[in-house]
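J.: for reference, the sequence and a predicted model appear below.
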Amino acid sequence: MLALLFAAAVLADSPVVRRGLTDILGSSTELRVVGSAPLDEAQSFDAESVDVIVEDVPDDTSAEMALSRVPPGVPVLALVGRPERARELVQGGAQGALRRDAPGERLAAASVAVAAGLYAFDRDTVAPLLARSVPIPEAGTLSTREREVLELVASGLSNRAIGEALGVSEHTVKFHVRSLLDKLGADTRTDAVARAARRGLLTL
């Protein structure tokens with residue numbers, strides 16, 4: 001099965017950062033980079049052709065200013081220097097936040113997750129949200145991809161095996177599994193399968 005390609009765009013004031021992010025995202029088999037620009041040129045992106053914008057948010061730029069430049073309706077993964085900034089960015093509408101120095105593989109996986117409609121954080125950026133009880137918008141019903149992952153989880157496959165079956169990375173599978181657990185209110189994979197079966201989302 002072919003992997004689903006998401007269109008990603010890069011926003012960063014530094015040309016060096018733009019090149020670096022473009023290289024990282026472009027190396028993913030699940031992403032294609034359709035453009036890059038400084039922050040004040042964010043409106044140059046076509047909202048209809050971009051699935052996720054990865055934005056390097058300067059430490060001295062407010063969340064309101066950083067997000068107001070993005071075309072409406074396009075999910076944003078924010079890269080921050082200080083983890084505590086994740087709070088204001090999520091409240092402002094960002095769907096994810098990672099430290100600016102996050103490993104490339106994590107950045108690419110988080111970008112795919114945000115493009116697919118999920119919320120993505122790393123351990124450092126999620127801590128301020130949990131500590132201050134900042135609400136993350138409630139997830140909706142299971143997406144088509146999440147249902148596929150659920151069926152494979154029910155078959156007993158590991159994350160690596162699921163990734164191979166769907167043509168996605170193991171990190172992306174982990175994001176989907178985490179989202180499944182959250183949406184179903186489950187603590188474990190087995191619990192998720194049982195809850196899904198009781199709700200008629202899965203036939204065992």
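T.: Happy to help now that I have it. Predicted model only: the values in this text are computed from it and were never measured.
J.: buried residues, stretch 30-42. List them.
T.: 30-31, 33, 35-37, 39, 42 (16 or more other C-beta atoms under 10 Å). Just so you know, the C-beta spots here come from the backbone N, C-alpha and C atoms, and that holds for glycine as well.
J.: can you give the domain ranges for the protein?
T.: The chain breaks down into these domains under automatic domain parsing: 6-131, 144-198.
J.: distance between the ends of the last one?
T.: Going back to what we said before, that points to domain 144-198. 19 Å (C-alpha to C-alpha, to the nearest Å).
J.: hang on, the earlier thing: quick check, nearest of the buried residues of stretch 30-42 to Gly117?
T.: Closest to Gly117 out of the buried residues of stretch 30-42 is Glu30 (14.0 Å), distances taken as C-beta to C-beta.
J.: quick one: that closest one and Gln43, what's the gap?
T.: 26 Å (C-beta to C-beta, to the nearest Å).
J.: Ala7 now?
T.: Ala7 sits at a distance of 17 Å from Gln43 (criterion: C-beta to C-beta).
J.: tell me which of those two has more neighbours.
T.: Ala7 (19 against 11; other C-beta atoms under 10 Å).
J.: what's the pLDDT at that one?
T.: Per-residue pLDDT puts Ala7 at 91.
J.: tell me who's in contact with the closest residue to Val70 other than its chain neighbours.
T.: Among residues not flanking Val70 along the chain, Ala42 sits closest, at 5.2 Å (C-beta to C-beta, 6 or more residues apart in numbering). When contacts are counted by C-beta atoms under 8 Å, 6 or more residues apart in numbering, Ala42 is found next to 11, 53, 55, 69-71.
J.: for the helix or strand hosting Ala97, name the packing helices and strands.
T.: Ala97 is part of strand 96-99, with elements assigned from DSSP states H and E. Packing partners of strand 96-99 (3 or more C-beta pairs under 8 Å, 6 or more residues apart in numbering; DSSP states H and E): strand 76-80, helix 86-92, helix 104-115, strand 120-121, helix 123-131.
J.: dump that strand to PDB, keeping only the CA atoms.
T.: Provided in PDB are the C-alpha atoms of strand 96-99 (Å, rounded to 0.1, in the frame of the first residue of the first chain):
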ATOM      1  CA  GLY A  96       1.300  21.000  17.800                       C
ATOM      2  CA  ALA A  97       4.600  22.300  19.300                       C
ATOM      3  CA  LEU A  98       8.000  20.800  19.400                       C
ATOM      4  CA  ARG A  99      11.300  22.100  20.700                       C
END
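J.: what comes into contact with that strand?
T.: Residues contacting strand 96-99 (C-beta under 8 Å, 6+ apart): 75-81, 83, 85-86, 89-90, 106-107, 110, 113-114, 119-122, 124-125.
J.: quick check: buried residues in the helix or strand hosting Glu146?
T.: Element membership for Glu146 (DSSP H and E) is helix 144-154. For helix 144-154, a neighbour-count test (16+ other C-beta under 10 Å) marks 145-154 as buried.
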